[in-house]
Each structure stands twice: as C-alpha cells, then as structure tokens.
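[1] this one's structure only:
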C-alpha cells in the first residue's frame, strides 16, 4: 500500500466526507457521516475530525485540507470569501489555517458576490468547480450544481464571473412536507413517474410565473382526476426544477454547453429535466469533482 | 330589536364565522372561532354549530346557510361542485341539505374546473364572488381573492369562466418557517418595511423565473449587507406576491379593472403590490362579501 500524503474533507451543513489520499491522488481510505457543521458545532469540530482521522489511521503529521461550511462564521474557523469576479486559482491562495492544532489543517474560502442587486454566496461549490473545470479552464462555462441550494455559475477563462443560488431542494422539502401537498404526496414510494416529472418540468419552464398555481394543481388534479402519491411527488419536484431551469437559463439557449455537476438521484433528475427542455449537458460526478478540487488545493499548498 | 330571519355561516378549513341576520340583511349577532373543518371534524359539526347557535340565541326553527370547507368530502356533508363555466346563480340552486337535523341547514357547493391541463377547485370563494359581484354582474371581471390559497377568477356576465389557485399564503408560511430563511426572518416585529416589500414584488413580477433565487437573496443579502428580520419577512412576502401577480396577470395589463376581495393585512399588502406594478384595483372587504353572498343564497332558497 502506498503512503498517505494528505487528508481531504468536504464538510457541509449536514454532511461530512473524508478521504485519505496518496501522492498520486489515489484514495486509500474514506469516511462518511452526518456530522456536518450543525452537528459538529455542538460536539466540537476538532473532536469530530480526529475521530475520523483515527478511523482511517492518519499519521499525526498528515496535513488536512477542508472545504465547505466548516469555514462559515458559525463553523470551525471563518475562512472568509474571495469576491467575484473570482479567479478559481485565488481560492487556493486564501485558505485559513486552523490555529492551535498539532497538524497543518486549512479551510478553503467561499466565494461572495457583493452586488447589492444580486447578493450571493457559495461555500464548498468553489472547490467542486475547481475539480470540475480545472485550474486552467479556458473559454466560457455555465455550470449547474444542483442541491439543497443549487448553484448556477458563469465561468470565463478560469474566473467565476457571476453566480446565482436557487433554493430548489429546500423548497421541495418545505412544500412536500409542510403544505397541503403533503397529503397528495404521502406514502410516495421510490418509483419514478417520468411522464409526470417531465410534463411538470415543461409547464414550469414555459410559464414560471404560474409556479404557485402549478403546485396547487398537484392537489386539485389528484382530487378531480386521481393519481398516485409518487406522481404527486414527481410533479412537485418537476415544477421546482423547471422553475430553476427557467431562471438559470434566463429563457435563452446557452451559448456554451452546460456542465452539470451532480451525483445519484439528483444527477438522474436534472439530466432528465435538461433533456425535457432540449438542452444538452456534460455531466461530472459531484463527489469526484470536490475530491479533485481538494487535491488541487493540497498540491498547491503543500506541493504533495 | 328586529327578528332574526336566518343564520349565515362561513366554515373554512381553520376558521368558523357565524352571523344572525334579519330580513333586511342587518346583523343581529355574530360569532368567530377557530373551530374550522379540521377541529370540527373531531368534535362533530352539529355540536359545534349548535353551541354557537345557542350563544346568539337562535330560535329552533331558524334556517342556516353555510359555505366553505364544511361541504368538502372530509367536511360535514359533501356539497359537490358546480363545474366551470359556472353561472354564479347555479351555486344557489345546488345547496346540499344536511340530513337528520331539526332545522333546515344547507351547505352551498364549490366550483370545479375539470380541465386536465389546469384542474382547480374552490369552496367558499364562490360565495364571496356572489357577494362581491352580485347575481346580475354584467360585463367582465378579473377577481383576485388573496389568502392561504389565493384565487384568481375570470367572470363574464355572471359566469365563472376560468380560475386559478396560487398557494401563496401557504408557501409564505412554509418558506419563512421551514427553510434557512427562518433564521433571516426570526424575531420580525409587526413593523412594515414598505420599500423592501415593493422592491421584492417588482423583482419577482418582472422576472418570476428567478423566484427561487430571489428568495435565497433574502439570506445572502442579510449575510453580506445586513438588514432587519422584518425586512427579510417583507422580502419573502413581496417575492411570493410578486410571483402570484405575474401569474395572475399573465404578463398583461388586464382589459377590465381588477376586483380585489380582501380584508385587514392581506388587503394592505395586495393593494401595495398592485400599486407597485401600476395596476389599479377596486377593493371589497372579504368578510362583507361572503356575508352578502350567504344572504343572497338565503334569499334565493327561503325567500327571506
């Protein structure tokens, strides 16, 4: 077995992922947990990290590179922001050092868009972007990174020019659990209803102003014409993703291909949604992207 | 004191209002409670109604006319629907009689739009419409009835041609309580921030596709530039009402004046919102409208 060179951590609001990595970028060990910023804030970030370092047998001198909400004000150590227009390379140069630790632990900064007409922030996604596009990204890219808070990022020549966050995932949770639609979607199984999803995407994409009405139709349609709980869930999901696509694409066919950074079920849903509105995408796995971005940071900081 | 002629009841999902009314339409007694359909379903509709009839001293022979969710399938007695295009007068002719009662108790039907491309239902608002427009309404009207589930109704010559429900009020509750925005709006006092509200209405009205992004900006704007909890709440409210106006008006200046049926805080907010997008409205109080509609029904059924 090759020797570990550093540890990479993606520390989000509600999730923690750690990889033990060698000089060649090979993963030697891995940990996943739900000890995100919220949980770790109570137990203590240092203790949570150490327990996972012990579990993969990380040597005491091994450096750790971290991205995500651990660098927020309410996180471990505030890692600040790089302001837009933000060269991706500058993210690597402004990592915050966690003080008072035996090993070298650094947290990458987020990116802030301070424009008062469209204020926005990201933390963690800048590292995914690095991994997805690479440091020397030439040309233009429009990147869609779906999630609880989906990010749409315009990158030009390796610089984040503008971005927008759509709280699609969180709206889906709130709408499907905390409104009258919870009855319509109650007991939905995992079965996908592709037709229901696609027609909901198209309806919201074409007439986003009707979103609050299209959502109610999930209920009234079921009342008047029947329908399964799974179909109701897919319609809620499709409506909100269709709304996001309408906003992210701003009603235009993009000049550059879209890069979709997503994994698992989100990847499936967004690929289907883009397909529905006839926009082609290049897909990159979200987890692979963030790990690659962290490795680029480790290489830049420690020459490992 | 004049003699009571009938009792009128507006029985919604979560509210109950009762009026004791004389032949001239004058209110002799009134009751309000939160024993809506949900609460009354547990205790028993007959018992809840009787307790309020006793409280206003209603004689045993006095008839009762009811509108709202008491006529839903999960209500007291299912009162069915009149289908669109629905002449408002037909609502008066299809009241369901509550069986097994000593007095004459009737529940007005709702209105259903069975169009599979835009299924929709209302229950209670048809009675408000009756009261707001009158039985012999000539010409066209576009009526906005804001609430938990706002209704936008196109009426032509006394007939409901089309309508759409926007779940604006419920989205406001879910978004401001159950998402990350709950932190931004936590501790908001009653102070109105008119500028924050109006600019949010305009932003969503002009670019409804950005709704999920505009909502996130409530959080990121506060993070980067500060701002009060009240301003955050007004921005959430303004964004969702602006979205509703964009959908209800379908991007056009309406050919007919808009009739706004609303009371209290909702009346203030929607008047301000319509003013922001430079659409003039004629306002009718929601409670006055439903009571007048119930009186029209009583007159048609019992010639009182």
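    Arrived safely, thanks for sending. These figures come from a predicted structure and were not determined experimentally.
[2] can you count the residues close to the closest residue to residue A:28 other than its chain neighbours?
    Nearest residue to residue A:28, sequence neighbours excluded (Cβ to Cβ, 6 or more residues apart in numbering or on different chains): residue A:20, at 4.6 Å. C-beta coordinates here come from the backbone N, C-alpha and C atoms, glycine included. Neighbourhood size, residue A:20 [other Cβ atoms under 10 Å in any protein chain shown]: 23.
[3] go on, residue A:296?
    Look at residue A:296: counted by other Cβ under 10 Å, it has 21 neighbours.
[4] ok, now the one 3 residues further on?
    Applying other Cβ under 10 Å, we find 17 other residues in the vicinity of residue A:299.
[5] Which of the helices or strands spans it?
    Using DSSP states H and E, residue A:299 sits in helix A:286-302.
[6] Buried residues, that helix. List them.
    The neighbour-count check on helix A:286-302 (16 or more other Cβ atoms under 10 Å in any protein chain shown) flags A:286-287, A:289-301 as buried.
[7] Show me where chain A has its helices.
    For chain A, applying DSSP state H gives helices covering A:37-43, A:45-55, A:88-93, A:125-133, A:168-178, A:181-185, A:194-206, A:211-225, A:229-249, A:264-276, A:286-302.
[8] tell me the average confidence for the fourth one?
    What that stands for is helix A:125-133. Across helix A:125-133, the average pLDDT comes to 96.
[9] residues in contact with residue A:259?
    A:132, A:133, A:141, A:142, A:143, A:144, A:281, A:282, A:283, A:284 (Cβ atoms under 8 Å, 6 or more residues apart in numbering or on different chains).
[10] The fifth one and residue A:137 touch, don't they?
    Spelled out, it's residue A:143. No: using Cβ atoms under 8 Å, residue A:143 makes no contact with residue A:137, being 10.0 Å away.
[11] which residues do those two both contact?
    Joint contacts of residue A:143 and residue A:137 (Cβ under 8 Å, 6+ apart) are residue A:155.
[12] more crowded one of these two?
    The residue with more neighbours, out of residue A:143 and residue A:137, is residue A:143; 25 against 19, by other Cβ under 10 Å.
[13] Which residues does the residue nearest to residue A:28 form beta bridges with?
    For residue A:20, the beta-bridge partners under DSSP bridges are residue A:7, residue A:29.
[14] and the gap between it and residue A:56?
    5 Å (Cβ to Cβ, to the nearest Å).
[15] now residue A:104
    Note on residue A:104: its distance to residue A:56, by Cβ to Cβ, is 17 Å.
[16] Any stretches of chain A with poor pLDDT?
    Low-confidence segments of chain A, defined by pLDDT under 70: A:1, A:251.
[17] From the centre of it, give me the residue that's furthest out.
    Relative to the centre of chain A, the most outlying C-alpha is that of residue A:224, 37.7 Å out, by Cα atoms, centre = their mean.
[18] Now do the contacts for residue A:271.
    A:260, A:281, A:283.
[19] Residue A:169 is in contact with residue A:147, correct?
    Yes: at 5.5 Å, residue A:147 counts as touching residue A:169 under the criterion of Cβ under 8 Å.
[20] Closest residue of the stretch 1-150 of chain A to chain B?
    Going by Cβ to the nearest Cβ, chain B is nearest to residue A:119 of the stretch 1-150 of chain A, at 4.3 Å.
[21] sorry, back to before: are any of the contacts of residue A:259 buried, and if so which?
    The neighbour count (16+ other Cβ under 10 Å) marks A:132, A:133, A:141, A:142, A:143, A:144, A:281, A:283, A:284 as buried among the contacts of residue A:259.
[22] quick one: the nearest residue to the first one once chain neighbours are set aside from residue A:128, how far?
    In space, and not counting its chain neighbours, residue A:132 is closest to residue A:289: 4.3 Å by Cβ to Cβ, 6+ apart. When distance is defined by Cβ to Cβ, residue A:289 is 4 Å away from residue A:128.
[23] Common neighbours of those two, please.
    Common neighbours of residue A:289 and residue A:128, counting by Cβ under 8 Å, 6+ apart, are residue A:261.
[24] which ones are touching the residue nearest to residue A:205 when sequence neighbours are not counted?
    Distances taken as Cβ to Cβ, 6+ apart put residue A:242 closest to residue A:205, at 4.2 Å, once the chain neighbours are dropped. The neighbourhood of residue A:242, defined by Cβ under 8 Å, 6+ apart, consists of A:200, A:201, A:202, A:203, A:204, A:205, A:208, A:273, A:276, A:277.
[25] ok, the first one - contacts?
    The contact partners of residue A:200, by Cβ under 8 Å, 6+ apart, come to A:214, A:234, A:235, A:236, A:237, A:238, A:239, A:242.
[26] Next: the last one.
    For residue A:277, the residues meeting the contact criterion (Cβ under 8 Å, 6+ apart) are A:201, A:202, A:205, A:242, A:245, A:249.
[27] cool, the fifth one as well?
    By Cβ under 8 Å, 6+ apart, residue A:204 lies in contact with A:210, A:211, A:214, A:238, A:239, A:240, A:241, A:242, A:243, A:246.
[28] out of everything not next to it in sequence, what's closest to it?
    Spatial nearest neighbour of residue A:204, chain neighbours left out: residue A:242 (3.1 Å); criterion: Cβ to Cβ, 6+ apart.
[29] measure residue A:143 to residue B:258 for me?
    42 Å.
[30] Let me fix that, I meant to ask about residue A:261.
    From residue A:261 across to residue B:258, the span is 44 Å (Cβ to Cβ).
[31] Which one of those two is surrounded by more residues?
    Just comparing residue A:261 and residue B:258: by other Cβ under 10 Å the higher neighbour count belongs to residue A:261, 30 against 20.
[32] I figured the more buried one hits residue A:286, correct?
    Yes: using Cβ under 8 Å, residue A:261 is in contact with residue A:286, at 5.2 Å.
[33] Just the residues contacting stretch A:100-108, thanks.
    Here stretch A:100-108 makes contact (Cβ under 8 Å, 6+ apart) with A:46, A:49, A:60-67, A:70-71, A:75-77, A:79, A:91-92, A:94-98, A:126-127, A:294, A:297, A:301-302.
[34] Same check on stretch A:18-32?
    With contact meaning Cβ under 8 Å, 6+ apart, stretch A:18-32 is reached by A:1-9, A:15-17, A:49, A:52-53, A:55-58, A:62, A:291-292, A:294-295, A:298, A:304.
[35] list the buried ones in it?
    Buried, per 16+ other Cβ under 10 Å, within stretch A:18-32: A:18, A:19, A:20, A:21, A:25, A:28, A:29, A:31.
[36] Which one of these is nearest to residue B:228?
    Nearest to residue B:228 among the buried residues of stretch A:18-32 is residue A:18, at 39.2 Å by Cβ to Cβ.
[37] Not counting sequence-adjacent ones, nearest residue to the closest one?
    Using Cβ to Cβ, 6+ apart, the nearest residue to residue A:18 is residue A:31, at 4.3 Å.
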